[in-house]
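> Predicted structure and sequence below. I'll ask about it afterward.
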Amino acid sequence: YVFYTTHDVSRLVQEGRNCIGLWLGDGFVSRFFPHFRPQGIVQLEIECRDGSRVIITSDETWKTHPSHIRRIGGFKFCDYGGERWDGSRELPDWCRAAQDNTGWKPVRVRTAGTPTRREALEADLPDRLKVYTPAGTPVLRAEMIPPNVVLKEVQPKAVLAEPNQTWLVDMGQMITGWFSFAGQGTPGQVITLDYMQAFSAYDAKPEGMMASVNFVDLVDPDVSGRVRFCNKFNYHTFRYVRIQGLVQAPEAGQIKAMLLGTGLTPAFSFSCSNDLANRIHQASMNTFLANSIGGYISDCPDRERAAYASYGLYYAPFLMQHFLEGVVFLEKMVRDGVDAQRQDGISATASQVGFGNGELLWTFQNGGGYVFVPTPWQIYLYTGDKRALVMSLAASEKYLTRMESYFDEKAGIPSRNDGLHYYDFLADWLDEG
């Protein structure tokens, strides 16, 4: 499926000429597959006062231009990189009708029948390891999960001067999200932003203290030396930001951090006379929201960012109790699991692509069955809604048939490896209950 989101843009439409713009990122997977390019599809529907409708769609008349932001860093454990912001290439009014588009190039239109990204990745894999993909044009489906939103803006607690044109910004709390600042640098000199979760003087790292997990952004000042930065296509987990290369302290009032998360609607508010209980509840909320960016549940927002299927089961009661869209969120996880099921019955344990022994490797392990066996059952127990059970029935049967072929009578649990580079990921996480 190709999921689309819908926005009411009435307040943005102006009398006269208007412009529609898409600002697209490469995505982490582009590090391994550089021939892939960002893709987008747009349809603007206008309902006129006389009842008629005007529909404008993206097509070959659209134009494209390289962004002044590009991804840097890795796509692996403890290295999810950052962004490089080149102020000398920034086009402040790029998405205005009056913008001069001289030098912009025509887009390339993807036609029906062009291999999908997943089909291209799997082209050389054995059939048994391929995910079943229906022939023809991918199906458009409305994305029912709210998009990412800025949950809260946080001002810095302190800005401390360090040697060598360096400043340490203390946000006063842990942040999973974006960082923004403005200041003055030197043309041609790169400004470095290093994000840390814990800090000690002179870069000492006491036992148990994680100073950094390779979150770094780079900023090139514009021709006047002016520096203006805000994350766009990546996010970090941090409390401290060390800014190196400014000729003076960052501008007061121009520093802030933005907590990000999926824009779920709380079903209730919680407060009681016990301060510890209030703090525990808020910590639980913060933990979930930090791990729900992008509409999936990850194990952590910094080191792995892996959307393990088992978290649908673990978070199911919490999601359905705390958020109005909790059931929809879980149903999306179930649908994704069914869609990603391999032809031999195994589904993805985590929504990542990795490499083992130099070969392309989806993280397909037996733990993927969590998403279409116990998670739909949890939805039914809490709500009486059978839709997720029906949706996952065929996939569950195929998965359980595969599990029966793995059963070890001596051990009493499935434990055999299926030839991939990972263990089965079931016995190690087996629920004793």
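Noted; the coordinates are in hand.
> roughly how far apart are the nearest residue to residue 157 once chain neighbours are set aside and residue 288?
Distance criterion C-beta to C-beta, 6 or more residues apart in numbering; nearest residue to residue 157, sequence neighbours excluded, is residue 172 at 3.2 Å. The C-beta positions use only the backbone N, C-alpha and C, and glycine is treated the same way. Separation of residue 172 from residue 288 (C-beta to C-beta, to the nearest Å): 21 Å.
> ok, those two, which is more surrounded?
For residue 172 versus residue 288, the count of surrounding residues by other C-beta atoms under 10 Å is larger for residue 288: 19 against 14.
> After the helix or strand that contains that one, which helix or strand is next? Please name it.
For residue 288, the host element (DSSP states H and E) is helix 275-290. The element immediately downstream of helix 275-290 (helix or strand, assigned by DSSP H and E) is helix 310-322.
> and that next one, what does it pack onto?
The elements that helix 310-322 packs onto, with contact taken as 3 or more C-beta pairs under 8 Å, 6 or more residues apart in numbering; DSSP states H and E, are helix 275-290, helix 326-339, helix 374-383.
> Could I get the contacting residues of the nearest residue to residue 82 once chain neighbours are set aside?
Counting by C-beta to C-beta, 6+ apart, residue 217 is the residue found nearest to residue 82 once chain neighbours are left out, at 4.1 Å. By C-beta atoms under 8 Å, 6 or more residues apart in numbering, residue 217 lies in contact with 72, 82-85, 179, 192-193, 195, 229, 231.
> how about the helices and strands packed on helix 310-322, which one is nearest residue 91?
Proximity to residue 91, assessed across the helices and strands packed on helix 310-322 by C-beta to C-beta, is greatest for helix 275-290 (32.5 Å).
> Let me know the angle separating that closest one from helix 310-322.
If you take axes from the mean of the first three to the mean of the last three C-alpha atoms, to 10 degrees, helix 275-290 sits at 130 degrees to helix 310-322.
> I'd like the average pLDDT over helix 275-290.
Regarding helix 275-290, the rounded mean pLDDT is 92.
> same check, this time on stretch 195-206
Mean predicted lDDT for stretch 195-206 stands at 60.
> Also stretch 242-257?
On average, stretch 242-257 scores 90.
> Show me the contact partners of that stretch.
Applying C-beta under 8 Å, 6+ apart, the set of residues contacting stretch 242-257 is 153-156, 159, 161-162, 164-169, 171, 175, 177-186, 189-194, 196, 225, 227, 238.
> For stretch 226-245, which residues meet the burial criterion?
By 16 or more other C-beta atoms under 10 Å, the buried positions in stretch 226-245 come out as 227-229, 231, 233-243, 245.
> still on that earlier bit, got a PyMOL select line for the buried ones in the contacts of residue 217?
This is how PyMOL selects the buried members of the contacts of residue 217, with burial counted by 16+ other C-beta under 10 Å:
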select buried, resi 82+83+84+85+179+193+195+229+231
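> any chance of the contacts of residue 217 in a markdown table, plus distance to residue 65?
Rendered in a markdown table, the data for the contacts of residue 217 read as follows (distance: C-beta to C-beta, whole Å):
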| residue | distance to residue 65 |
| --- | --- |
| 72 | 20 |
| 82 | 22 |
| 83 | 18 |
| 84 | 17 |
| 85 | 16 |
| 179 | 26 |
| 192 | 27 |
| 193 | 25 |
| 195 | 29 |
| 229 | 20 |
| 231 | 21 |
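> sorry, back to before: and the residue nearest to residue 157, that's in a strand?
Yes: according to DSSP: H, G, I helix; E, B strand; the rest coil, residue 172 belongs to a strand.
> For the most centrally placed residue in the chain, which non-adjacent residue is spatially closest?
Residue closest to the average C-alpha location in the chain (C-alpha atoms, centre = their mean): residue 294, at 4.0 Å. Of all residues not flanking residue 294 in the chain, residue 148 sits nearest, at 6.7 Å (C-beta to C-beta, 6+ apart).
> Any buried residues in the strand or helix carrying residue 403, and which?
Using DSSP H and E, the element containing residue 403 is helix 387-406. Neighbour counts over helix 387-406 (16+ other C-beta under 10 Å) mark 388-389, 391-392, 395-396, 398-399, 402-403, 406 as buried.
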